[in-house]
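Q: build me a structure from this.
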Amino acid sequence: MELEKLSGDDTEGMMPNGNHVDELGPEKVTLEDGYDGPEEAETEREEFLPHKSDGKAQPQFTDFEGKTSFGMSVFNLSNAIMGSGILGLAYAMSNTGIIMFLILLTFIAILSAYSIHLLLKSAGVVGIRAYEQLGKRAFGKPGKVLAAAIICMHNIGAMSSYLFIVKYELPLVIQTFLGKTGNTGEWYINGNYLIIIVSVTIILPLALMKQLGYLGYTSGFSLTCMVFFLFSVIYKKFNIPCPLESEGNATHYLNDTAAMTCEAKTFTYNSQTVYTIPILAFAFVCHPEVLPIYTELRSATKKRMQNVANISILAMFVMYLLTALFGYLTFYGNVEAELLHTYSKVDPLDTLILCVRLAVLVAVTLTVPVVLFPIRRAIQQLLFPRKEFHWVRHILIAITLLIIVNLLVIFVPNIRDIFGIIGATSAPSLIFILPGSFYVRIVPNEREPLRSRPKIQAICFAVVGVIFMVMSTSFIISDWVTGEKNSGGGH
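A: Numbers count the residues shown, from 1 in each chain. Predicted coordinates for the structure are as follows:
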C-alpha cells in the first residue's frame, strides 16, 4: 500500500524539536508540481490517507504518530506566540487608549484563531506539515519561495527585536551591578558592542549546532520569565507614584502635560497610533510553528489542534492585556516603546526590575538560535534543495544571518520601527493573506465551490490582510518621512 511506503522514512527530515529540514510527508512523492485542480487534490488524498467508506472524518497525518500531550502542545504554542512583542504593548495602549486597544487586541486574537483554522483545514486536505510546502501545494514553486521569504523576513525581525532588548537592557544591568548611573562612556556599557559580544560568544555557538531540539527545554523557562515580568509590572503599578517625585538616584522625565494629568485615556489618536495594529499582529504570529505542533500532537485531529490554538491564544490575550494595562497605568503617556527601559528612568537601582531584566535577557538570548534555525532551513531549501548537509554552508548561513541582524539592531534607532515594519508586512502575510489564499487554492471546489460561504470568507480574509498591509506600511513610511516622532518612543 502506498501509505506503507511513505510511513517508513518520512520522519527522516524531522528535527527533535519538530522542525523539518526537508520536504515532508506524502509531498515527497506526490507534490513535485503545483496545484493543478481539485481532481489532483482528491487523487493525492486517496494516495496517502487510508480510505474509509463509512463517511467518518479522515485522520490528518497518518504517516507520523504524535506523542505530545494536549497540555504540552498548549504550552509549546503559547511559547511560540509569546515573544518580545509583549514589551511594546503598553506603548501601543498609550497611543490608542484603553478601550480602543481592547477592541483591537480582541479583533487580532479572533482573526489569529480563524487563520489557524484555515491553515489546519488546508493541511488536512493534503497532509502537509510545513508552511512553505503549503505554499508549494497551493501555487507551485513560486508559492514555496514566497512563503519561505516571508518566514525569513518575519524571523529576522523577531531576532532583531530580541537583540534590541539585549542592546538596551544589558548595559543597564551592568551599570546596576557596578553601582553606576548614567552612561559614563565605557565600552562595556555600549549596547552596540554588547550585542556583538553576546552574538559571538553565546548565540553563534548555539546556532552552529546541527540539531537544536534540546533548546526546547528553555521554553518553560522563557514563559516563566514572562509571567514573572507580568507580575512585576502589576506590582510596580502600585509602587510608582504619578506624577513622579524626585527621590535618591531616580531620574524623572515626565513631560509637564503628563505630570499634570495622570489620567488614563479610553480613546486617543496620534502619529504613533498607526503602529498599534502592526505591534499587535507581530505579537500574535505563531503560524509557522502551528503545523509542526499539530504533527506531534497525540491523537491529532483538526478539532483537537484548534482547541490547542484557542486556549493558547486566550492565555496570551489575557497576559498581553494585563501587561499593557498595568504598564500604561504606571506611566500613562510617557511609556516607551520598550516597557522595561521605561522603569530604568524611575529607579536604575531597583532590585526587582534588575531581576526581571536578567530573566528576560536570558530568555530572549536563548531564543535567538531557535528563531534562526527556520530561516536557515528555508534558505537551504530555496538555494540548495538537493544538497546534502555540509558544515561550511551550515556555518556560513548562520554567520551571515547574525551579521545582518546585528547591523539592523545597530543602525535602526528604535525597536518600535522593527515591530512596526515587520508587523505591517510579514505578520499580515502569515496571519491573513497566505492562510486565506492557501485555503481557496487547496480545498477542492467539489467540496467547497468558490462561491461557498467558507471560501468567500477566506477570500475576504486575505483581502483584509492586503488592505491592512498597504495602509499600515503607508502610514509608517509617511511617519518616517515627516519625522513626526513621539518623544516617548525614543531610547
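Q: which strands and helices sit next to the lengthiest helix in the chain?
A: When the chain is parsed with DSSP state H, its longest helix is helix 141-178. Helix 141-178 is packed against helix 131-139, helix 191-198, helix 287-296, helix 339-344, helix 351-383, helix 391-411, helix 415-428, helix 434-442, with contacts defined by 3 or more CB pairs under 8 Å, 6 or more residues apart in numbering; DSSP states H and E. C-beta here means a position set from N, CA and C on the backbone, and glycine is covered the same way.
Q: list the contacts for the residue nearest to Gly143 when sequence neighbours are not counted?
A: The spatial neighbour of Gly143 that comes closest, neighbours along the chain excluded (CB to CB, 6 or more residues apart in numbering), is Gly135 at 3.6 Å. Residues near Gly135 by CB atoms under 8 Å, 6 or more residues apart in numbering: Gly143, Lys144, Val145, Leu146, Ala147, Ala148, Leu434, Phe438.
Q: from these, keep the buried residues only.
A: Taking 16 or more other CB atoms under 10 Å as the criterion, what is buried in the contacts of Gly135 is Gly143, Lys144, Val145, Leu146, Ala147, Ala148, Leu434, Phe438.
Q: of the residues you listed, closest to Ala281?
A: Distance from Ala281 was checked for each of these by CB to CB. The minimum falls on Leu434, at 13.4 Å.
Q: so which of the helices and strands packed on helix 141-178 comes closest to Val227?
A: Per CB to CB, nearest to Val227 of those: helix 351-383, 9.9 Å.
Q: that closest one - contacts with which helices or strands?
A: Using 3+ CB pairs under 8 Å, 6+ apart, the elements in contact with helix 351-383 are helix 141-178, helix 204-207, helix 218-237, helix 339-344, helix 391-411.
Q: show me where pLDDT drops low in the stretch 101-250 of the chain?
A: Judged against pLDDT under 70, the low-scoring parts of the stretch 101-250 of the chain cover residues 128-129, 180-184, 210-220, 243-250.
Q: contacts only, for the residue most central in space within the chain.
A: Taking CA atoms, centre = their mean as the criterion, Val285 is the residue nearest the geometric centre of the chain, at 4.2 Å. Taking CB under 8 Å, 6+ apart as the contact definition, Val285 lies against Ile81, His154, Ser426, Ala427, Leu430, Ile431.
Q: quick check on it: phi, psi?
A: phi -70, psi 120 (degrees, to the nearest 10).
Q: start the count at 698, not 1, going forward
A: Yep, numbering from 698; the last one is Val982 now.
Q: separation between it and Glu960?
A: 33 Å (CB to CB, to the nearest Å).
Q: name the nearest residue to Leu1127, ignoring sequence neighbours.
A: In space, Leu1127 is closest to His984, 4.7 Å off (CB to CB, 6+ apart).
Q: just give the number of residues close to that neighbour.
A: A count of nearby residues for His984, using other CB atoms under 10 Å, gives 24.
Q: ok, it to Gly821 distance?
A: Applying CB to CB, one obtains 16 Å for the distance of His984 from Gly821.
Q: low-confidence regions, the stretch 998-1147 of the chain specifically.
A: For the stretch 998-1147 of the chain, counting by pLDDT under 70, the residues that fall below are 1045, 1111-1117, 1120.
Q: do that again at 50, thanks
A: In the prediction, the stretch 998-1147 of the chain carries no residues with pLDDT under 50.
Q: re the thing from before, distance to Val1178 added to the contacts of Val982, as CSV?
A: Supplementary listing: the contacts of Val982 in CSV, determined by distance: CB to CB, whole Å:
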residue, distance to Val1178
Ile778, 33
His851, 24
Ser1123, 22
Ala1124, 22
Leu1127, 27
Ile1128, 27
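Q: quick check: the farthest pair among those?
A: Those two in the contacts of Val982 that are separated most widely, counting by CB to CB, are Ile778 and Ser1123, at 15.3 Å.
Q: which strands or helices does the helix or strand containing Asn1004 pack on?
A: With secondary structure defined by DSSP states H and E, Asn1004 is part of helix 999-1028. Taking 3+ CB pairs under 8 Å, 6+ apart as contact, the helices and strands that helix 999-1028 lies on are helix 767-778, helix 786-791, helix 795-823, helix 915-934, helix 973-981, helix 984-993, helix 1036-1041.
Q: now the first one and helix 984-993, what's the angle there?
A: Read that as helix 767-778. 160 degrees (axes from the mean of the first three to the mean of the last three CA atoms, to 10 degrees).
Q: and helix 767-778, what's buried?
A: Along helix 767-778, these residues count as buried under the neighbour rule (16+ other CB under 10 Å): Met769, Ser770, Val771, Phe772, Asn773, Leu774, Ser775, Asn776, Ala777, Ile778.
Q: re earlier: just send the helices and strands packed on helix 838-875 back as CSV, with distance to Val870 too.
A: Formatted as CSV, the helices and strands packed on helix 838-875 follow (distance: least, CB to CB, whole Å):
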stretch, distance to Val870
helix 828-836, 36
helix 888-895, 10
helix 984-993, 30
helix 1036-1041, 10
helix 1048-1080, 5
helix 1088-1108, 17
helix 1112-1125, 17
helix 1131-1139, 39
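Q: so for Leu816, which of those helices sits nearest?
A: Among those, if distance is taken as CB to CB, the winner is helix 1131-1139, at 5.0 Å.
Q: pull out the buried positions in whichever helix or strand comes after that closest one.
A: Once helix 1131-1139 ends, the next helix or strand along the chain (criterion: DSSP H and E) is helix 1150-1179. By 16+ other CB under 10 Å, the buried positions in helix 1150-1179 come out as 1151-1152, 1155, 1158-1159, 1162, 1165-1166, 1169-1170, 1172-1173, 1176.
Q: out of these, who's nearest Glu1143?
A: Nearest to Glu1143 out of the buried residues of helix 1150-1179 is Lys1152 (CB to CB; 12.4 Å).
Q: okay, the buried ones among the contacts of Gly832 in TSV with distance to Asn1007 next?
A: Written out in TSV, the entries for those read as follows (distance: CB to CB, whole Å):
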residue	distance to Asn1007
Gly840	28
Lys841	29
Val842	32
Leu843	28
Ala844	24
Ala845	28
Leu1131	20
Phe1135	20
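Q: what sits against Gly794?
A: So Gly794 contacts Ala961, Lys962, Thr963, Phe964, Thr965 (CB under 8 Å, 6+ apart).
Q: next one: phi and psi at the nearest residue to the second one once chain neighbours are set aside?
A: Put plainly, it is Lys962. On the basis of CB to CB, 6+ apart, the spatially nearest residue to Lys962 that is not a chain neighbour turns out to be Gly794, at 4.3 Å. Main-chain dihedrals, Gly794, degrees, to the nearest 10: phi 90, psi 160.
Q: quick check: pLDDT value at Gly794.
A: Looking at Gly794, its pLDDT reads 90.
Q: distance of it from Ile937?
A: Distance, Gly794 to Ile937, using CB to CB: 21 Å.
Q: do Ile990 as well
A: Using CB to CB, which is the criterion applied here, Ile990 is 39 Å from Ile937.
Q: that concludes my questions; thank you for your assistance.
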